[in-house]
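J.: Sharing a sequence plus its predicted fold:
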Amino acid sequence: MAEKKLFEINPNLDRAALAERFAQNGRVQVRDVLTEETAREIQMILARATKWGMAVQAGDGPGIKPQSFRQEEVQAPGGAERVNAAAMAAHQASARGDYAFRFAQYPILTAIQEGWDPGGPHELILEYINAPEFLDLAREITATPTLTKADGQASLFAPNHYLGRHIDSHVAEGWRFAYTLNFAPDNWHPDWGGYLLFLDEEGDIVEGFRPRFNALNLFAVPTSHMVSYVPPFAPMGRTAIVGWLRDK
């Protein structure tokens with residue numbers, strides 16, 4: 001019996017066309033990037049086997065850093081109150097026009113380094129993202145043969161979640177491209193938000209990618225972008241694996 005795979009690149013991708021599209025403006029959405037079977041498996045892991053915590057940031061002034069709450073911290077006595085207070089501070093920062101965000105997360109790289117779930121499926125997913133098959137796809141599309149590794153975290157944008165406009169000004173040396181492996185529900189409606197939006201210097205939206213199942217977003221960093229607000233009436237959230245591709 002053949003071994004069941006968790007992550008397999010779709011062999012029918014038109015890589016030359018994708019590379020041409022990326023070369024035009026430094027971004028592209030690769031639809032049906034994985035085989036259907038493996039994409040469904042990852043979608044199930046994110047939906048049923050992920051201990052979601054929260055990531056929140058309120059402003060970007062001196063000394064302000066993002067806050068990360070593990071699921072165990074959220075569920076501990078007083079944890080929900082601390083998260084809600086952080087979320088309210090983020091909303092107030094956004095109201096002032098400052099950078100802020102609020103979304104659920106599972107920091108895969110941190111979880112591996114700190115031994116949260118040894119041998120768990122998320123660890124295997126990150127191994128596949130750093131395997132030659134995925135890195136070669138990214139190298140071909142971006143025309144960057146020097147890419148060597150990627151980090152990653154799982155993200156969930158549910159009602160009231162968003163990621164404010166920013167340019168990834170904190171990008172470290174060697175961080176070349178951001179990636180988002182989307183596993184949104186097939187029936188994700190435009191009214192539910194959660195779009196990856198790219199903006200020009202005047203704040204106008206120049207392109208937007210709808211959350212899609214089994215779609216890879218790739219874009220050069222730094223660049224001005226955001227994830228639009230998911231409204232309270234959205235019946236569900238959209239999941240993804242996100243991170244940066246590096247050449248150092």
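T.: Alright, I've got the coordinates.

J.: OK, contacts around A58?
T.: 64, 86, 89-90, 92-93, 98, 100 (Cβ atoms under 8 Å, 6 or more residues apart in numbering). Every C-beta, even on glycine, is put in place using the N, C-alpha and C of the backbone.

J.: now with 10 Å?
T.: By Cβ atoms under 10 Å, 6 or more residues apart in numbering, A58 lies in contact with 64, 66-67, 85-94, 96, 98-102.

J.: Same check on P185?
T.: 43, 47, 192, 211-213, 235-239.

J.: Could you export those residues as CSV, including secondary structure?
T.: As requested, the contacts of P185 are exported to CSV (DSSP: H, G, I helix; E, B strand; the rest coil):
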residue, secondary structure
Q43, helix
A47, helix
W192, helix
P211, coil
R212, coil
F213, strand
P235, coil
M236, coil
G237, coil
R238, strand
T239, strand
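
J.: quick one: which of these is nearest to L18?
T.: R212 (15.1 Å; Cβ to Cβ).

J.: The closest one: neighbour count?
T.: Per other Cβ atoms under 10 Å, the neighbour tally for R212 reads 19.

J.: Relative to L6, how far out is it?
T.: 20 Å (Cβ to Cβ, to the nearest Å).

J.: Likewise for A111?
T.: On the measure of Cβ to Cβ, A111 and L6 end up 17 Å apart.

J.: Repeat that for M88.
T.: From M88 to L6 the distance is 38 Å (Cβ to Cβ).

J.: Give me the mean pLDDT for the helix ranked longest in the chain.
T.: Taking DSSP state H as the criterion, the chain has its longest helix at helix 79-95. When pLDDT is averaged over helix 79-95, the result is 97.

J.: Strands along this structure, start to end?
T.: Under the criterion DSSP state E, the chain contains strands at 27-31, 53-58, 67-69, 100-106, 149-150, 153-157, 162-166, 175-183, 196-199, 205-209, 213-220, 225-227, 238-246.

J.: between A111 and L6, which one's more packed in?
T.: Legend: neighbour count by other Cβ under 10 Å for A111 and L6, higher for A111 (20 against 16).

J.: pLDDT score assigned to that one?
T.: pLDDT, read off for A111, is 96.

J.: and if you look at the one 4 residues further on?
T.: Note on G115: pLDDT of 95.

J.: again with I9
T.: 98.

J.: Same check on K4?
T.: 65.

J.: Can you tell me how far the nearest residue to F101 once chain neighbours are set aside is from Q113?
T.: Residue nearest to F101 in three dimensions, not counting chain neighbours: L163, with 4.4 Å by Cβ to Cβ, 6 or more residues apart in numbering. When Cβ to Cβ is the yardstick, L163 and Q113 sit 24 Å from each other.

J.: coming back round to it: ChimeraX command for the buried members of the contacts of P185?
T.: Buried subset of those, written as a ChimeraX selection, criterion 16 or more other Cβ atoms under 10 Å:
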select :43,192,211,212,213,237,238,239
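
J.: Let me have the contacts of P185 in TSV, extended by distance to F183 and pLDDT.
T.: Converted to TSV, these look like this (distance: Cβ to Cβ, whole Å; pLDDT from 0 to 100):
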residue	distance to F183	pLDDT
Q43	4	98
A47	8	96
W192	15	98
P211	9	97
R212	9	97
F213	6	98
P235	17	95
M236	12	93
G237	11	96
R238	8	97
T239	5	98
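
J.: quick check, nearest of the contacts of P185 to G120?
T.: Distance to G120 across the contacts of P185 (Cβ to Cβ) is lowest for A47, with 15.1 Å.
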